[in-house]
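# Okay, here's the prediction I keep looking at, along with the sequence it came from:
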Amino acid sequence: MTYLIIKETIYQGLENSYTVVNQTHDLDKANDMLQGYHLINVDKSVLYSIAKYESPLLLTEEVA
């Protein structure tokens, strides 16, 4: 399981943009990163959040 730190930038009159700013496999570390981004964020139009990501399962053989 991978945890992504997502930065959302909010615009007036345009669609919001989303950027992956960091990633980790440890949930505790992801929460610490998120807290850090919240602490240093001074721009009210920028939000940070965590998203879980699982790699898609790739089948290498046909299953009957």
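Thanks, I have the structure now.

# Count the neighbours of the residue lying closest to T24 once chain neighbours are set aside for me.
Of all residues not flanking T24 in the chain, A30 sits nearest, at 5.1 Å (CB to CB, 6 or more residues apart in numbering). To be clear about C-beta, it is placed using only N, CA and C from the backbone, and glycine gets the same treatment. Applying other CB atoms under 10 Å, we find 20 residues neighbouring A30.

# helix or strand for A30, which one?
Assessed by DSSP states H and E, A30 sits inside helix 27-40.

# tell me which residues in that helix are buried?
30, 33-34, 37 (16 or more other CB atoms under 10 Å).

# Extract the CA atoms of it and return them as PDB.
Extracted C-alpha coordinates of helix 27-40, given in PDB (Å, rounded to 0.1, in the frame of the first residue of the first chain):
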ATOM      1  CA  LEU A  27       0.900   5.500   7.200                       C
ATOM      2  CA  ASP A  28       2.500   7.100  10.300                       C
ATOM      3  CA  LYS A  29       5.100   8.800   8.200                       C
ATOM      4  CA  ALA A  30       2.400   9.900   5.700                       C
ATOM      5  CA  ASN A  31       0.500  11.600   8.600                       C
ATOM      6  CA  ASP A  32       3.700  13.200   9.800                       C
ATOM      7  CA  MET A  33       4.400  14.600   6.300                       C
ATOM      8  CA  LEU A  34       0.800  15.900   6.100                       C
ATOM      9  CA  GLN A  35       1.200  17.700   9.400                       C
ATOM     10  CA  GLY A  36       4.400  19.200   8.100                       C
ATOM     11  CA  TYR A  37       2.800  20.500   4.900                       C
ATOM     12  CA  HIS A  38      -0.100  22.000   6.900                       C
ATOM     13  CA  LEU A  39       2.400  23.700   9.300                       C
ATOM     14  CA  ILE A  40       4.400  25.400   6.500                       C
END
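
# Could you check the pLDDT of the closest residue to Q23 other than its chain neighbours?
Distances taken as CB to CB, 6+ apart put L4 closest to Q23, at 5.1 Å, once the chain neighbours are dropped. L4 carries a pLDDT value of 97.
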